[in-house]
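Peer 1: I would like the atomic coordinates for the input below:
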Amino acid sequence: MVAPLLQLSDVSLTFGGEPVFDALSLNVQPGDRVALVGRNGSGKSTLLKVMAGTVEPDRGDRVVPVGTSVGYMEQEPDLSGFETLGDFAASTLQASEMYRVERASEGLKFDPDRPVATASGGERRRAALAKLMAEEPELMLLDEPTNHLDIEAIQWLEDELKATRRAFVLISHDRRFLTELTRATLWIDRGAVRRQEQGFAAFEAWRDKTWEEEDIARHKLDRKIKSEARWAVEGISARRTRNMGRVRRLQDMRADRSGQIRRQGTAAMDLASGPKSGKKVIEATGVSHAFGDKSIVKGFDLKVQRGDRVAFVGPNGVGKTTLIRILMGEIAPDAGTVTLGTNLVPAVFDQTRSQLDPEKSLWDSLTTDKDMRVSGSSDQVMVRGVPKHVVGYLKDFLFDERQVRAKVASLSGGEKARLLLAKLMARESNLLVLDEPTNDLDVETLDLLQEILDDYDGTVILISHDRDFLDRVATTTVAMEGGGRAVVYAGGWSDYRTQKREAEGGGREKAKKKGGGEASQSAQPVQSSKPAEKPALSFTEKHRLEELPGVIDRLGAEIAKLEAFLAAPDLFTKEPLKFRKATEALVERQQVLAASEEEWLELMEKAEG
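Peer 2: Got it, this is the predicted structure:
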């Protein structure tokens, strides 16, 4: 039998009086590809540190065979003592291995010559990830490696991990990343760690079945306790000596029941729409903007209607946040116009968490917020126009009473995201601007956030590198491809990629045909007495005319699928929520199809003069 790369035996760890793990044992075998999942605050990062040997458990053993290399990428790497990011990334390598850092720096998009003193948190994390990938240890421990990576870098990392023969244990909020890479799952739940020999794709079904079985067992135990308690009240006096064993068993059952750790509920997040905005939310016409020689956008047109979910995607540094600030009227464009609709009440989720003061407590973060302050009260906050006790509101977002006086700096990344969502969702709004909202959130909170956005009556503008989240939420995708090029596509991430491939394929085919035509024309030139006519369509209109047939075909296919799905005779009675959502999606796609067909006809008429 092959020896494990890492073994934890009977490990227990306590922080602040509460056990994080108790009597935990697990193995990681050569070639393992393991997803480490669990709620925010359940101890995923702590367990990874125990596995890496950077945190000593209170009890138990960590065994790594002699000669086995274990690499660990933490969320906040220490780069002190190094002048540049490249120096840090290459610090354990031989001269002949330096090419690995250069290769990783290209894939992960960071500059090895960047001084550590001026590097951002994201650049430091990318350098730490490059260091781990370049070292090629036999076991890689990766804590949220996709944070601060754009989609291209995530794809590079995904391809590298697919190709490696090394074992790895992976924490990530990115569903698609986990689904593509993992073949086993470690699930931390209330201090216990369970393992299933299936990847993340099977996790939610496994989790739900486990919880269902747990609920059934708890219900049976409750019924048994009630039955035994009734017997104790009615008959114990006549059989006191003979039945003391039964009484003791009842006491044991009660102790067992009270000792069961309750599952943590889902965050009670909710969004209340403010006053209804006008039908037109944002209209950008011919917008161009640049910083020095760097063009952010050229001749950009966009109409955002009430209820739209518009996602902006593209490489880091391409200008997504800048373009959104232009669309929100915060930055004036160099050319073109931006018109905001009427009665807009925006709320902004900032990926830098700049709205959170790390030195403030969670209590003060809410009670001193001018938008949440209740006049004359130090323990109430205003939540969508209604006063609520600060502790009760924080409990809605899964914070316990011990945390409310703790500093924001002590929170995990996921807890900071939940606190920022608590501030955001206390306000009424009709326009949400979400800049990387999915970073650090656990699966359950991501699911809830998606459902909330589905039910939100207002408009959503979104930046995200989470491909699964984009597919679930976005109805329109703006792809910023660099050099000022920003193209609008219908649908989410997968829709955008499909349409882009189809457009590129069609473009290559047209180029071939055009090439053949030019050859025959040069062999037999045609003279014309007519003056050259100016093209009737602009560049943007030409591009739109080329892509619309693909959009129309895709919408037609989606409508056909939805109609087939809704044709099931018992769908409405068995799955009313799915029926409602599918109906809404069908109506929406039919409207988009009608508008797309009308737009195609108008452009064709214009092209034909």
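Peer 1: In three-state terms, how would the residue minimising distance to the centre of the chain be classified?
Peer 2: The chain has residue 438 as the residue nearest its centroid, 3.3 Å off, counting by CA atoms, centre = their mean. Secondary structure, DSSP: H, G, I helix; E, B strand; the rest coil: residue 438 is coil.
Peer 1: dump the residue contacts of it.
Peer 2: 173, 174, 446, 449, 464, 466, 469 (CB atoms under 8 Å, 6 or more residues apart in numbering). Every C-beta, even on glycine, is put in place using the N, C-alpha and C of the backbone.
Peer 1: show me the contacts for the second one.
Peer 2: With contacts defined as CB under 8 Å, 6+ apart, residue 174 is in contact with 146, 154, 438, 466, 467, 468.
Peer 1: distance of it from residue 200?
Peer 2: 10 Å (CB to CB, to the nearest Å).
Peer 1: go on, the third one?
Peer 2: As judged by CB to CB, residue 446 and residue 200 stand 13 Å apart.
Peer 1: quick one: which of those two has more around it?
Peer 2: residue 200 (27 against 19; other CB atoms under 10 Å).
Peer 1: Wait, residue 160 touches residue 107, no?
Peer 2: Yes - between residue 160 and residue 107 there is a contact under CB atoms under 8 Å: 7.0 Å.
Peer 1: who has more neighbours, those two?
Peer 2: Taking other CB under 10 Å, residue 160 and residue 107 do not tie; residue 107 has more neighbours (20 against 14).
Peer 1: Give me the contacts around stretch 108-122.
Peer 2: The contact list for stretch 108-122 (CB under 8 Å, 6+ apart) reads 76, 79-80, 82-90, 101-102, 105, 123-124, 126-127, 129-130, 147-150, 152-153, 156-157, 315-316.
Peer 1: low-scoring stretches of this structure, by residue?
Peer 2: Scanning the chain for pLDDT under 70 picks out 1, 16-18, 217-273, 351-352, 375-377, 506-536, 539-540, 572, 609.
Peer 1: The same query, at a cut-off of 50, please.
Peer 2: For the chain, the stretches with pLDDT under 50 are 236, 238-242, 258-263, 516-534.
Peer 1: re the thing from before, so how do I select the buried members of the contacts of stretch 108-122 in ChimeraX?
Peer 2: Selecting only the buried entries of the contacts of stretch 108-122 in ChimeraX, with 16 or more other CB atoms under 10 Å as the criterion:
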select :79,82,84,85,86,87,88,89,90,101,105,123,124,126,127,129,130,147,148,149,150,153,156,157,315,316
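Peer 1: about what we covered before: distance of the residue nearest to the centre of the chain from residue 184?
Peer 2: Residue 438 is 24 Å from residue 184, by CB to CB.
Peer 1: Would you state the strands of the stretch 451-600 of the chain in chain order?
Peer 2: 459-463, 476-482, 485-490 (DSSP state E, counting those that start in this stretch).
Peer 1: neighbouring strands for the longest one, and are they parallel or not?
Peer 2: Paired neighbours of strand 476-482 in the sheet (DSSP bridges): strand 309-313 (parallel), strand 485-490 (antiparallel).
Peer 1: which outside residues touch the last one?
Peer 2: Looking back up the chat, that one is strand 485-490. Residues contacting strand 485-490 (CB under 8 Å, 6+ apart): 297-298, 300-302, 323, 475-481, 495-496, 499-500, 543, 547, 551, 554-555, 592, 596.
Peer 1: Surely residue 195 is in contact with residue 26?
Peer 2: Yes - the criterion here is CB under 8 Å, and residue 195 meets it with residue 26 at 6.6 Å.
Peer 1: how close does the residue nearest to residue 97 when sequence neighbours are not counted sit to residue 92?
Peer 2: Excluding its sequence neighbours, the residue lying closest to residue 97 (CB to CB, 6 or more residues apart in numbering) is residue 134, at 6.9 Å. Distance check for residue 134 against residue 92: by CB to CB, it reads 8 Å.
Peer 1: Neighbour count for these two, which is higher?
Peer 2: Using other CB under 10 Å as the criterion, residue 134 and residue 92 rank with residue 134 on top: 21 against 13.
Peer 1: wait, what's in contact with that one?
Peer 2: 89, 90, 93, 97, 100, 101, 103, 104.
Peer 1: The contacts of residue 174 in helices, which ones?
Peer 2: Under the assignment DSSP state H, the contacts of residue 174 contribute 154, 467, 468 to helices.
Peer 1: Next, count neighbours for the first one.
Peer 2: Going back to what we said before, that points to residue 154. Around residue 154 there are 20 residues (other CB under 10 Å).
Peer 1: thinking it is in contact with residue 465, fair?
Peer 2: Yes - using CB under 8 Å, residue 154 makes contact with residue 465 at a distance of 6.2 Å.
Peer 1: For the residue nearest to residue 97, what is the enclosing helix or strand?
Peer 2: If you go by DSSP states H and E, residue 134 is part of helix 121-135.
Peer 1: which helices and strands does the helix or strand that that helix is followed by pack with?
Peer 2: With elements assigned by DSSP H and E, the helix or strand that comes after helix 121-135 is strand 139-143. In terms of contacts (3 or more CB pairs under 8 Å, 6 or more residues apart in numbering; DSSP states H and E), strand 139-143 is packed against helix 44-52, strand 70-73, helix 121-135, strand 167-171.
Peer 1: Now with 10 Å, please.
Peer 2: Here strand 139-143 touches strand 33-38, helix 44-52, strand 70-73, helix 121-135, helix 151-163, strand 167-171, going by 3 or more CB pairs under 10 Å, 6 or more residues apart in numbering; DSSP states H and E.
Peer 1: could those be laid out in a markdown table, adding distance to residue 392?
Peer 2: A markdown table is the format used below for these (distance: least, CB to CB, whole Å):
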| stretch | distance to residue 392 |
| --- | --- |
| strand 33-38 | 25 |
| helix 44-52 | 27 |
| strand 70-73 | 38 |
| helix 121-135 | 33 |
| helix 151-163 | 38 |
| strand 167-171 | 31 |
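Peer 1: Out of those, flag the one nearest residue 367.
Peer 2: Residue 367 lies closest, by CB to CB, to one member of those: helix 121-135, at 28.1 Å.
Peer 1: ok now the closest one, how far from the chain's centre?
Peer 2: 20 Å (CA atoms, centre = their mean, to the nearest Å).
Peer 1: could I get that helix in CSV with only the CA atoms?
Peer 2: The C-alpha coordinates for helix 121-135 follow below in CSV (Å, rounded to 0.1, in the frame of the first residue of the first chain):
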residue,chain,number,x,y,z
GLY,A,121,-2.3,42.7,-2.0
GLY,A,122,-3.4,40.9,-5.2
GLU,A,123,0.1,41.1,-6.7
ARG,A,124,1.6,39.6,-3.5
ARG,A,125,-0.9,36.8,-3.6
ARG,A,126,-0.1,36.1,-7.3
ALA,A,127,3.7,36.0,-6.4
ALA,A,128,3.0,33.5,-3.6
LEU,A,129,1.0,31.4,-6.0
ALA,A,130,3.8,31.6,-8.6
LYS,A,131,6.3,30.6,-6.0
LEU,A,132,4.3,27.5,-5.1
MET,A,133,3.7,26.5,-8.8
ALA,A,134,7.4,26.9,-9.6
GLU,A,135,8.5,24.8,-6.6
